[in-house]
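Participant: coordinates for the following, if possible.
(one chain, ligands or ions: 2)
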Amino acid sequence: MTDPDCIFCKILAGEIPATIVGEDERTVTFMDINPATRGHMLVIPRTHAADLLSVDAEDLRAVAIASQRQAVRAKELLRADGVNLVNSCGAVAWQTVFHFHVHVIPRYVDDPLRLPWVPVPGDPAEIAAAAQELAAAPRT
Ligand code: AMP
Ligand code: ZN
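Facilitator: Ligands and ions are numbered 1, 2, ... in the order given. Below you'll find the model as predicted:
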């Protein structure tokens, strides 16, 4: 399935250019045009799905495995010191392109990226309350 209005589907169709660095039966990996660090890649399924909540389970598995493959390549070939895998699901979570994708962001000792939140201990009662809401449905 493709979405004629989706920029990543257009990349898959060859209608707009992209620097493709990896592919398999279910996924394609290309360079992000606004790299957070050197070597920032995006892994996408060939089949259009808007986000994490709607992507086909087999495609999700394939994207996860391809992301691991590209993370290994980033360490070996770009000499990255670490890697972040990032997925944003929903506009409120910073998603801007609504074709499911995983960012593979090589990390370097001196790179400028920082956590977008400051870890501070939470209120135990509030943590427990959220857990209780989650526990309202059977555990999976
Ligand atoms: P997100 O904000 O998590 O939805 O990520 C979308 C990513 O797609 C951003 O990091 C953009 O820089 C990237 N992007 C948007 N258009 C293109 C394009 N034509 N080629 C490569 N990367 C793109
Ligand atoms: Zn698409």
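Participant: show me what the longest helix along the chain is packed up against.
Facilitator: What stands out as the longest helix in the chain, according to DSSP state H, is helix 57-77. Judged by 3 or more CB pairs under 8 Å, 6 or more residues apart in numbering; DSSP states H and E, the packing partners of helix 57-77 are strand 20-23, strand 27-31, strand 41-45, strand 82-86, strand 102-107. In this view, the C-beta of every residue, glycine as well, is placed from N, C-alpha and C.
Participant: report the angle between that helix and strand 27-31.
Facilitator: Inter-element angle recorded for helix 57-77 and strand 27-31: 40 degrees (by axes from the mean of the first three to the mean of the last three CA atoms, to 10 degrees).
Participant: got the CA coordinates for helix 57-77 in CSV?
Facilitator: Presented in CSV, the C-alpha positions along helix 57-77 are these (Å, rounded to 0.1, in the frame of the first residue of the first chain):
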residue,chain,number,x,y,z
ALA,A,57,3.7,-6.5,13.1
GLU,A,58,5.9,-8.2,10.5
ASP,A,59,7.0,-4.8,9.1
LEU,A,60,7.7,-3.6,12.6
ARG,A,61,9.9,-6.7,13.2
ALA,A,62,11.7,-6.1,9.9
VAL,A,63,12.3,-2.4,10.7
ALA,A,64,13.6,-3.3,14.1
ILE,A,65,16.0,-5.8,12.7
ALA,A,66,17.1,-3.5,9.9
SER,A,67,17.7,-0.7,12.5
GLN,A,68,20.0,-3.0,14.5
ARG,A,69,21.8,-3.8,11.2
GLN,A,70,22.3,-0.1,10.5
ALA,A,71,23.4,0.6,14.1
VAL,A,72,26.1,-2.1,13.7
ARG,A,73,27.2,-0.5,10.4
ALA,A,74,27.3,3.0,12.0
LYS,A,75,29.6,1.7,14.7
GLU,A,76,31.8,-0.3,12.4
LEU,A,77,31.9,2.0,9.3
